[in-house]
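>>> Can you look at this prediction? I've put the sequence above it.
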Amino acid sequence: MSSFGNFRIPAPFNEPVLSYAPGTAERRALKARIGELSREELEIPLVIGGKEVRTGKLADVRAPHRHAHRLARFHQAGEAEVNAAIAAAREARPAWAAMPYQARAAIFLKAADLLAGGWRPTLNGATMLNQSKTPYQAEIDSCCEIADFWRFNAAFGEQILAEQPISSPGVWNRVEYRPLEGFVFAVTPFNFTSIAANLPTAPALMGNTVVWKPASSTVYSNWFVLKLLEAAGLPPGVINFVPGSGRAVGDPVLASPEFAGIHFTGSTAVFQGMWRTIAGNLPRYKGYPRIVGETGGKDFIFGHASADPDALATALCRGAFEAQGQKCSAASRAYVPESLWPRVKEKLLAQVASIKMGDPAEDFSVFMGAVIDRGAFDSIKSYVEFAKSSPEAKILAGGECDDSVGYFVSPTVVQVTNPRHKLMEEEIFGPVLTIYVYPDAKLDETVALCDATSPYALTGAIFAQDRAVVEQLGEKLRDAAGNFYVNDKPTGAVVGQQPFGGARASGTNDKAGSMWNLIRWVSPRTIKENFAPPTRIEYPHQASGE
Ligand SMILES: NC(=O)c1ccc[n+]([C@@H]2O[C@H](COP(=O)([O-])OP(=O)(O)OC[C@H]3O[C@@H](n4cnc5c(N)ncnc54)[C@H](O)[C@@H]3O)[C@@H](O)[C@H]2O)c1
Ligand SMILES: N[C@@H](CCC=O)C(=O)O
């Protein structure tokens, strides 16, 4: 980009969601690409300073719905590779930081266009195979949300740079938004390919260089994100790809004096552990590292007697079971008034009974795939078993767990008599919805329970037609969710429309895909230039006379 024009970032737009309905071109292209991907097992290296590195410490990535199907083996990083990645980030930083903002943004804008075009079936196919997502769930994640992150972030970054102070006569005040001094550590979760794409690229857009640790279970789909960025022209060393176990990568990264910030999404326990490590390491860092983390949730739907019962039941079903309930935003606990329960129950159970579960990459008619891996399966199963043995819980639907072919947990609806039941409090991160039916007359105390029952505050939804009630619930549940929905399910936030993130134990609420997130990756420098600097030290009041 030359300096002979004030170039503007093209206006961002949300990538349209394709339908994949029978007979469509996108369906044919996706099926063909899934076929190709399924036939080839990858061996995935680390990528440090643009060079592939093989450690020989291999781990598998498998298709959750068919664990016999190995998608890839990947090389895992140890301390030596982490140190090499930090060195590569250091080396790449000066040229990357010096590149004009518009030139950096152009790489991500190009990546978005490549993704929306020829790369679409690859990213969606890889996500369907690796995260067991249906065509729709893959499309909104690994195509649309990634493209949206890249296009909107480019525009938000431009907005930040345009934010300038006023100047008095004879003075020109300026603020430059410098990248952080050091490297940024991006640590990404398994459940959204889009989050894996956003966490390293948001700090990179603002001029930082990055060490990226993907989740071990999804190194396969994440690998294609890296290849796409390379195809769009990302220079070597800007994002260094270092898969490996959490501690093996995390500990040496957090011990580095050059560590300048972490961009994390994952569980609350891991984030809190890393925060403690960072606090302990503080004296060795050059500055105060930026700590940005979006974490767990125990997301609620609160129904009022004035709600449309069919809309409420549908939101419960879609909100709880899409993507196997493995969205941090998934509806996990619900409060339904007695007066509405018979109709809601009937509709919900009919919808759940109609859910087809299976291999979503093979059979496009399924609604749910498998949960990500053995660890997730065992953990979710333990909650289902707990519900089965609890005198305060009754399983209304589902409750079957079968890992013979894939890690399948059927969509499970549990009714509890105790609103403080373990299943109402803890994040399960699977297809389990727990419902407490409350007496209509106890609305106020049930709302208070909803607010206080879990340590999280990520997403929440209320269903009511009575406007006064909508206002009242919005007020009383103000701090219970960072993303709050009225008469809609609590999942499916769209970049540019519903900036995403929660508070309390759910994270730092820096809102992924927003200006507020990008501001965390810069360290502003204020510059005052005086056009006529004084040449004498005296002030006018010192002159003689009255
Ligand atoms: N709030 C949000 O926006 C949001 C979005 C998606 C997922 N999530 C949350 O993520 C969780 C599910 O994802 P997950 O199972 O991948 O989470 P996780 O915490 O198990 O893992 C997240 C990442 O942290 C890494 N990690 C683990 N220990 C580490 C350590 N000591 N040092 C460095 N890295 C380490 C993992 O390898 C992985 O890459 C759920 O709790 C879900 O609610 C939150
Ligand atoms: N942003 C996604 C959730 C991301 C967490 O897993 C949603 O709104 O459903």
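Great, that's in hand. Ligands and ions are numbered 1, 2, ... in the order given.
>>> host element of A85?
In this structure, A85 sits in helix 79-98 according to DSSP states H and E.
>>> ditto for G233
Counting by DSSP H and E, G233 is found in no helix or strand.
>>> Unless I misread the structure, R174 falls within a strand.
Yes - looking at R174 with DSSP: H, G, I helix; E, B strand; the rest coil, it is inside a strand.
>>> What is the neighbour count of the residue lying closest to it once chain neighbours are set aside?
Distances taken as C-beta to C-beta, 6 or more residues apart in numbering put I527 closest to R174, at 4.6 Å, once the chain neighbours are dropped. Any C-beta I mention is one placed from the backbone N, CA and C, and that applies to glycine too. Neighbourhood size, I527 [other C-beta atoms under 10 Å]: 11.
>>> could you give the mean pLDDT of the host helix or strand of I527?
Using DSSP H and E, I527 maps to strand 522-530. Across strand 522-530, the average pLDDT comes to 98.
>>> Dump that strand to PDB, restricted to CA.
Output in PDB follows, covering the C-alpha atoms of strand 522-530 (Å, rounded to 0.1, in the frame of the first residue of the first chain):
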ATOM      1  CA  VAL A 522      -2.400  -2.600  21.100                       C
ATOM      2  CA  SER A 523      -0.500  -0.300  23.400                       C
ATOM      3  CA  PRO A 524      -1.300   3.300  22.400                       C
ATOM      4  CA  ARG A 525       1.500   5.900  22.200                       C
ATOM      5  CA  THR A 526       0.400   9.500  22.500                       C
ATOM      6  CA  ILE A 527       2.500  12.000  20.600                       C
ATOM      7  CA  LYS A 528       2.400  15.700  21.100                       C
ATOM      8  CA  GLU A 529       4.200  17.800  18.500                       C
ATOM      9  CA  ASN A 530       4.600  21.500  19.200                       C
END
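>>> so what does that strand touch, helix or strand wise?
Packing partners of strand 522-530 (3 or more C-beta pairs under 8 Å, 6 or more residues apart in numbering; DSSP states H and E): strand 171-179.
>>> ok but L282 is inside a strand, no?
No - the assignment for L282, made by three-state DSSP, is helix rather than a strand.
>>> Now for it, how many residues are close by?
L282, neighbours per other C-beta under 10 Å, totals 10.
>>> how much space between the residue lying closest to it once chain neighbours are set aside and N281?
Of all residues not flanking L282 in the chain, Y288 sits nearest, at 7.6 Å (C-beta to C-beta, 6+ apart). Distance, Y288 to N281, by C-beta to C-beta, to the nearest Å: 12 Å.
>>> show me where the stretch 101-250 of the chain has strands.
For the stretch 101-250 of the chain, applying DSSP state E, counting those that start in this stretch gives strands covering 171-179, 183-187, 209-213, 239-241.
>>> Which of those strands sits closest to ligand 1?
Of all the strands of the stretch 101-250 of the chain, strand 183-187 sits nearest to ligand 1, with 4.6 Å by C-beta to the nearest ligand atom.
>>> who touches that closest one?
For strand 183-187, contacts defined as C-beta atoms under 8 Å, 6 or more residues apart in numbering pick out 86, 89-90, 93, 199-200, 203-204, 208-213, 239, 246, 250, 253-254, 256, 258-266, 274, 290, 521.
>>> again, only using 7 Å
Contacts to strand 183-187, defined as C-beta atoms under 7 Å, 6 or more residues apart in numbering, come from residues 86, 89-90, 199-200, 203, 208-213, 253, 258-264, 266, 521.
>>> ok and it relative to strand 209-213, angle-wise?
With axes from the mean of the first three to the mean of the last three C-alpha atoms, to 10 degrees as the basis, strand 183-187 and strand 209-213 are set at 20 degrees to each other.
>>> Strand partners (parallel or antiparallel) of strand 183-187?
Using DSSP bridges, the strands paired with strand 183-187 are strand 209-213 (parallel), strand 259-265 (parallel).
>>> Done for today, thanks.
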